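Peer 1: Sharing a sequence plus its predicted fold:
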Amino acid sequence: MKPIWNNIKTLDHNSNSKIYKIHSLKRLLTLTIPHFKKIGLAALCVLLVNAAELIKPYILKLVIDDFLINKAPQSMFYSITSMGILYFLIVALGGMFSFSQVNFINSAAQEIMKDLRTRVFNTIQLLPLSYLDKTSSGRLITRATNDVAALSEMYTDVIINLFKDVFLLIGIVYAMVMLDIKLALISISLVPIMFLFVFLLKNKIKNNFSKMKSLIGRINGFMAENISGMKIIQIFRGEKEKKQEFLKLNGEYFKSTLFQVRMNSILRPASDVFQSISVAILIWYAMGKIYNQTLEIGVLYAFTTYIKQFFNPISDLADNYTTIQSALVSADRIFELLDEEDTLENLDLGRPMEYINGDIEFRNVWFSYNETDWILKDVSFTIKRGETVAFVGETGAGKTTIISLISGFYPIQRGEILIDGININEIKKKDLRRNVSVVLQDVFLFSGDIAKNISLNDNIDIEVINESLEITCALEFVNNLPQGIYSPVMERGSTFSAGEKQLLSFARALAHKPSIFILDEATANIDTHTEKLIQQVIEKVSKHRTTLIIAHRLSTIRNADKIIVLSHGEIVEIGNHNELIKGKGHYKSMIEGNSFKEVI
C-alpha cells in the first residue's frame, strides 16, 4: 500500500526542513482520525472544564462586590450560601470532566501508539537487505522505542492540553474584555514580549533535540553491538577501550541533555516572572481606579485570578513546546522510516509458484552492492533439479553473494537469474523463499523454545518438527532435555554448543520442506563427530532436492555432482572433484595449498 502522504522535496535545505516539520505535524494529526470519537469526547470535556475555570472567578467577584462590599440583600436563590453551593458544584463537575478527559485521550493515544509501533515493526521486517546493510540496528531500535515513546507523550500530554490551553486563553481574554477592556489590554501587554523570548529559543531547542535523538540511537547501537560481541571483548581484553568509547558517547549525550534541562529551566521561570510583572502593573493601575471608586474590588480580584489563569496555560505552552519539538523530531525520524514503503519488499507481488522443481540458471550475471565494485562478473552456470553443487573460492570470491541472489535478497544490475526457467524477479518472493532453506555458519536462534525456533510459524505440525529432528540426528539430544522440544532457548541459543545449534539449524531448514537446500559454511564451526553426523544429514536431505554447498572442508564437497570454482567474482572452473583434480587449474592449486580442511 502506498503511503497517503507524498514526500515534500525542495532544493533549499532550510525551507525543506520547515515544510517537512509542518508535514510531520499534519501526519501526526492524521493518525488521530480513526480515533476521532474518543478525542472528540475528550475535547468536549476540556471545553466544560474550561467553562468551570472561567466561571469560578466570576462567582467570587459577585460575592465580593455584591455581598461583602455593597451588602446587597440576600434571597433563597441569590446569597452567599447559594453562591458557595454553586461554586462547589462547579468544582465537582470540573473535576469529573477532567477525569473523563484524561481517560478518553489516554485510551486514544495508546491505541495510536500501538498502531504506529506495529507499522514501524512491519516496515523494519520488510526493509530490503540493501537498506539494513547501511543502517545500524541502534537507529532502527531507537525509532521503534524512544521515538514512539516521545510521540506517546505528545498525544497523551500535549495535544489535548494544547487544545485546552488555547480555548482557555480565548475564554479568559473574552471574560476580561467583557469586564473591562482597558484592564484586559494592560493584563496581556507583556504577552508579545514573552512569545518573542520563546521564539528566540526555539531553534536552539529543536537543533539540540535532533542531536539528542541521533546520540541515543548511536548509544543503543553501541550497546547492542557490545552485548553481542562481549565474548570477543573479554577474550581480547578490550573492556578499557570499549569503556572509553562509551564514555565519549555518554558524555556527548550528557552535554546535550544538560543543555535541554537548562532551556527547560528558563521557560517556566520566565513565564512566572512575566506573570508577576503583569499582576504588579495591573494592581498599580487599578489602585487609583479603586481609590476614585471607578473600579470595583471584585473586578480587580477577578482580573488578578484571570491573569494567573492566563499565564498558567502560557507556562504550559512553554513547557509543552520542548515536548512538541522532541515529538516533531521523533516524528520526522519515524516518518522517514515509514516513507521507505516504496522500497519495501512486496512478498505477494509476482507470479505464484507453490512448488519449485529446483532448476537454477545464472545468465551473464553482474552484481555490485554499491553500484561500483563488482562482486560478480559475467557469471553463468546451470544447476539441474536434484544436483548437489559446491561453490569454492577464496574469501570474497562471491560465493555467499550467489546464495543471497538465489534467495532474492538483492536485485542484480545485469544479466538474468532463472528458477525453473522463470526470471527470479517475476516470482512471488513469498513462494520463492518458501522453497529455499539456508543453513548458515553463524546459527541464529531466537528466545523461546526449540519447537518455535524450528517452525518459525504456526503452519508446521509437531510431527514434522520431530521428523526433521530425527532426520538431522538432533532428536536424541533434544529428547534428553528436561522439556524436550519445548525446552527454553536463551538469547542466540547461548546454552547450546555450536554443534547442537547447527543440528537445530539443519532441522529448521528441513522442516520447511525446501526444493532448494543451501549450506553456507554450515560445517565450519563444528567438531569432527558432529560433522560426520551432518555428512549423513546432507546425504539424506539432498536426495530429490537441489543442494548448494559453500564449504572449506574437502569431505563436504568431494561428492558434489558439480563444483563451481570462483575467483575475484568470476567462474574459473566447473566440474566434479575427479575432473578438476586431474587438471592443473585453480581447484587443484587450492588442494595442494591446503586451502581445504580434511576430516581426520
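Peer 2: Received, thanks. Numbering: from 1, shown residues only.
Peer 1: quick one: the strands in the stretch 251-400 of the chain?
Peer 2: 360-368, 374-383, 388-392 (DSSP state E, counting those that start in this stretch).
Peer 1: do the stretch 401-550 of the chain as well
Peer 2: 414-419, 422-423, 436-440, 448-449, 488-489, 516-520, 546-550.
Peer 1: Which of those strands sits closest to Leu132?
Peer 2: Smallest distance to Leu132 across the strands of the stretch 401-550 of the chain (CB to CB): 15.8 Å, for strand 436-440. In short, each C-beta sits where N, CA and C put it, glycine included.
Peer 1: about what we covered before: most tightly packed of the strands of the stretch 251-400 of the chain?
Peer 2: strand 388-392 (a mean of 24; mean count of other CB atoms under 10 Å).
Peer 1: how far off strand 360-368 does that strand point, in degrees?
Peer 2: Strand 388-392 runs at 20 degrees relative to strand 360-368, counting by axes from the mean of the first three to the mean of the last three CA atoms, to 10 degrees.
Peer 1: Tell me the strands beside strand 388-392, with direction?
Peer 2: Strand pairing for strand 388-392, using DSSP bridges, gives strand 546-550 (parallel), strand 562-567 (parallel).
Peer 1: still on that earlier bit, let's have the strands of the stretch 401-550 of the chain in a markdown table, adding mean neighbour count and distance to Thr472.
Peer 2: Shown next, in a markdown table, are these (neighbours: other CB atoms under 10 Å; distance: least, CB to CB, whole Å):
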| stretch | mean neighbour count | distance to Thr472 |
| --- | --- | --- |
| strand 414-419 | 18 | 25 |
| strand 422-423 | 14 | 30 |
| strand 436-440 | 22 | 10 |
| strand 448-449 | 14 | 17 |
| strand 488-489 | 16 | 16 |
| strand 516-520 | 24 | 12 |
| strand 546-550 | 25 | 14 |
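Peer 1: closest to Ala52 out of the strands of the stretch 251-400 of the chain?
Peer 2: strand 360-368 (67.8 Å).
Peer 1: For the strands paired with strand 388-392, give me CSV that also has mean pLDDT.
Peer 2: CSV is the format used below for the strands paired with strand 388-392 (pLDDT from 0 to 100):
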stretch, mean pLDDT
strand 546-550, 90
strand 562-567, 92
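Peer 1: closest one to Met263 among the ones you listed?
Peer 2: Here strand 546-550 is closest among these (CB to CB), at 55.3 Å.
Peer 1: The closest residue to Gln535 other than its chain neighbours - how many residues pack around it?
Peer 2: Leaving aside its sequence neighbours, Gln535 sits nearest to Ser555 (CB to CB, 6 or more residues apart in numbering; 6.7 Å). The tally of other residues near Ser555 (other CB atoms under 10 Å) stands at 16.
Peer 1: and the residue lying closest to Leu475 once chain neighbours are set aside, how many neighbours?
Peer 2: Distance criterion CB to CB, 6+ apart; nearest residue to Leu475, sequence neighbours excluded, is Leu469 at 4.0 Å. The number of residues packed near Leu469 is 27, by other CB under 10 Å.
Peer 1: Leu469 contacts Ser487, doesn't it?
Peer 2: No - the criterion here is CB atoms under 8 Å, and Leu469 misses it with Ser487 at 12.0 Å.
Peer 1: so what sits against both of those two?
Peer 2: Val478 (CB atoms under 8 Å, 6 or more residues apart in numbering).
Peer 1: neighbours of Lys240, just the number please.
Peer 2: Lys240 has 9 nearby residues by other CB under 10 Å.
Peer 1: Helix, strand, or coil at it?
Peer 2: helix (DSSP: H, G, I helix; E, B strand; the rest coil).
Peer 1: where does the stretch 151-300 of the chain dip in pLDDT?
Peer 2: 198-199, 202-203, 206, 228, 231-232, 235-236, 264, 267-268, 294 (pLDDT under 70).
Peer 1: Just give me the residue right at the centre of this protein.
Peer 2: Ala144 (2.3 Å; CA atoms, centre = their mean).
Peer 1: Is it correct that that one is in contact with Val120?
Peer 2: Yes - Ala144 lies in contact with Val120 (CB under 8 Å); the separation is 4.9 Å.
Peer 1: In this structure Met233 contacts Lys243, no?
Peer 2: For residue 233 the amino acid is Ile, not Met. No - assessed by CB under 8 Å, Ile233 is found out of contact with Lys243, at 9.9 Å.
Peer 1: Of the two, which one has the most company?
Peer 2: Neighbour totals were compared for Ile233 and Lys243, and Ile233 leads with 16 against 13 (other CB under 10 Å).
Peer 1: Count the residues that sit near Ile55.
Peer 2: 17.
Peer 1: OK, contacts around it?
Peer 2: Contacts of Ile55 (CB under 8 Å, 6+ apart): Ile90.
Peer 1: Need the per-residue pLDDT for it.
Peer 2: Looking at Ile55, its pLDDT reads 84.
Peer 1: where's it relative to Leu48, distance?
Peer 2: According to CB to CB, to the nearest Å, Ile55 and Leu48 sit 11 Å apart.
Peer 1: now Leu60
Peer 2: Going from Leu60 to Leu48 by CB to CB gives 20 Å.
Peer 1: now swap in Ile538 and tell me
Peer 2: 74 Å.
Peer 1: More neighbours: which of those two?
Peer 2: Counted by other CB under 10 Å, Ile538 and Leu48 do not tie: Ile538 has more neighbours, with 24 against 17.
Peer 1: if I pick the more buried one, what's in contact with it?
Peer 2: Ile538 neighbours (CB under 8 Å, 6+ apart): Thr388, Leu519, Thr547, Ile549, Thr556.
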